[in-house]
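> no FASTA, just this:
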């Protein structure tokens, strides 16, 4: 998949998720939602990226992730973090097997 697919800064989104792993805030992550589906289907329009993650410290929660990425220049708009004005939603995978 190209670094920027139809205006989606995918490389930047994945770089930020990898940074959260390096910072010890999350153990692992997966790309979910429409962006993940596009890998297997015909391209279609999507309006955000979904990152499903396993937290390293469940007591730190979303505030730690938002705070870390905001310190790197990301902005918050409702439940999304924006990178290059593209919305990214982080979804905890706790409880999933």
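Okay, I see it. Everything quoted here is computed from the prediction, not taken from an experiment.

> Looking at the protein, which helix is longest?
Counting by DSSP state H, the longest helix found in the chain is helix 10-22.

> Could you identify the helix or strand that succeeds it?
strand 26-32 (DSSP states H and E).

> any weak-confidence spans in the chain?
1-6, 95-97 (pLDDT under 70).

> Spell out the residue ranges of the helices in it.
10-22, 33-38, 61-71.

> Turn the ones you listed into a markdown table, columns for mean neighbour count and distance to residue 84.
Bear in mind the C-beta positions are built from the backbone N, C-alpha and C, glycine included. Output for the helices of the chain, formatted as a markdown table (neighbours: other CB atoms under 10 Å; distance: least, CB to CB, whole Å):
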| stretch | mean neighbour count | distance to residue 84 |
| --- | --- | --- |
| helix 10-22 | 16 | 6 |
| helix 33-38 | 16 | 15 |
| helix 61-71 | 14 | 13 |
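
> of these, which approaches residue 45 most closely?
helix 33-38 (8.1 Å; CB to CB).

> now for the closest one, which elements pack on it?
If you count contacts as 3 or more CB pairs under 8 Å, 6 or more residues apart in numbering; DSSP states H and E, helix 33-38 packs onto strand 49-55.

> contacts for the strand it packs on?
Contact with strand 49-55 is made by 8, 10, 13, 17, 20, 25-36, 61, 65, 86-94, as judged by CB atoms under 8 Å, 6 or more residues apart in numbering.

> Go through that strand and flag the buried ones.
Neighbour counts using 16 or more other CB atoms under 10 Å place 49, 50, 51, 52, 53, 55 of strand 49-55 among the buried residues.

> quick check, nearest of those to residue 75?
residue 49 (14.8 Å).

> From residue 10, how far off is the closest one?
Using CB to CB, to the nearest Å, residue 49 is found at 7 Å from residue 10.

> Can you work out which residues contact both of these two?
Common neighbours of residue 49 and residue 10 (CB under 8 Å, 6+ apart) are residue 35.

> okay, which residue is most central for the chain?
The structure's the chain has its C-alpha centroid closest to residue 51; by CA atoms, centre = their mean the separation is 3.6 Å.
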